[in-house]
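In: Pasting a predicted model and its sequence here:
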Amino acid sequence: MLYLLCLTLHLFAALIFIGTVFFEVLFLEHIRKQLPARVMLLVEQGVGRRARTLMPWVLLVLFGAGAGMVWLRYVPVLAQPLASSFGTLLTLKVALALSVLVHFLAAMLLFKSGRMSARYQNFIHASVFCHMVAIVLLAKGMFYLTW
C-alpha cells in the first residue's frame, strides 16, 4: 500500500513538473512572437514567479516519492544495474532525473544571484525538456523493452 501511495504521488508530481516544462518550451516560446514585448515580459515574470514558488515543493514530492519507490521495491535491481534490461533502464532514468535536479538547482542559484540570463534560461529549458522526454520514454520502456 505504501508503494502505491509513493507511485501515485510520483506520477502526479511528474505530471505537474513535465507539464510546466512542456508549457514553457512548447507554448511560451511561440507565444512570444505574437505578443508585445512588454506583455510577454509580464507573462514570463508571472509564470516564473509561480514556478519558483511551486516547483521546489513539486520536486520534493517527485524525488521523495521516487526515492520511496526505489527503497520499497527497486534497491536489489539497482544493486546490479546491468543484470537486467529493467535495471539498466531504471539506472539511466535515475541518472537523468538527478541531472534534472542539478539543472533546477543551478537555475535557482542563477536566479538568486541575479546571473540568470535569457541564454541560460533557454539552455536549461531545452535541456530539461530533452531530459523529460527521455525519462518518460525510459519509464515506459522499462516495462516493455528487454534484451
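Out: Thanks, I have it.
In: buried sites along stretch 57-76?
Out: Val58, Leu59, Val61, Leu62, Phe63, Ala65, Gly66, Gly68, Met69, Tyr74 (16 or more other CB atoms under 10 Å). Yep, even glycine has a C-beta here, placed from its N, CA and C like the rest.
In: For the fifth one, which non-adjacent residue is spatially closest?
Out: If you skip the residues right next to it in sequence, Phe63 has Leu101 as its closest partner in space, 6.6 Å away by CB to CB, 6 or more residues apart in numbering.
In: coming back round to it: mind putting the buried residues of stretch 57-76 into CSV with secondary structure and pLDDT?
Out: Below are the buried residues of stretch 57-76 laid out as CSV (DSSP: H, G, I helix; E, B strand; the rest coil; pLDDT from 0 to 100):
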residue, secondary structure, pLDDT
Val58, helix, 97
Leu59, helix, 96
Val61, helix, 98
Leu62, helix, 98
Phe63, helix, 97
Ala65, helix, 98
Gly66, helix, 97
Gly68, helix, 98
Met69, helix, 97
Tyr74, helix, 97
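In: Pick out whichever of the residues you listed sits closest to Phe123.
Out: Set against Phe123, the nearest of the buried residues of stretch 57-76 by CB to CB is Leu59 (19.2 Å).
In: element containing Ile124?
Out: Using DSSP states H and E, Ile124 maps to helix 118-144.
In: Buried residues, that helix. List them.
Out: 121, 124-125, 128-129, 131-132, 134-135, 138-139, 141-142.
In: same thing with stretch 91-110?
Out: Those would be Thr91, Leu92, Lys93, Val94, Leu96, Ala97, Val100, His103, Phe104, Ala107, for stretch 91-110 by 16+ other CB under 10 Å.
In: Could you list the residues in contact with it?
Out: Outside stretch 91-110, the residues within contact range by CB atoms under 8 Å, 6 or more residues apart in numbering are 52, 55-56, 59, 63, 66, 70, 78, 81, 116, 120-121, 124, 127-128, 131-132, 134-135, 138-139, 142.
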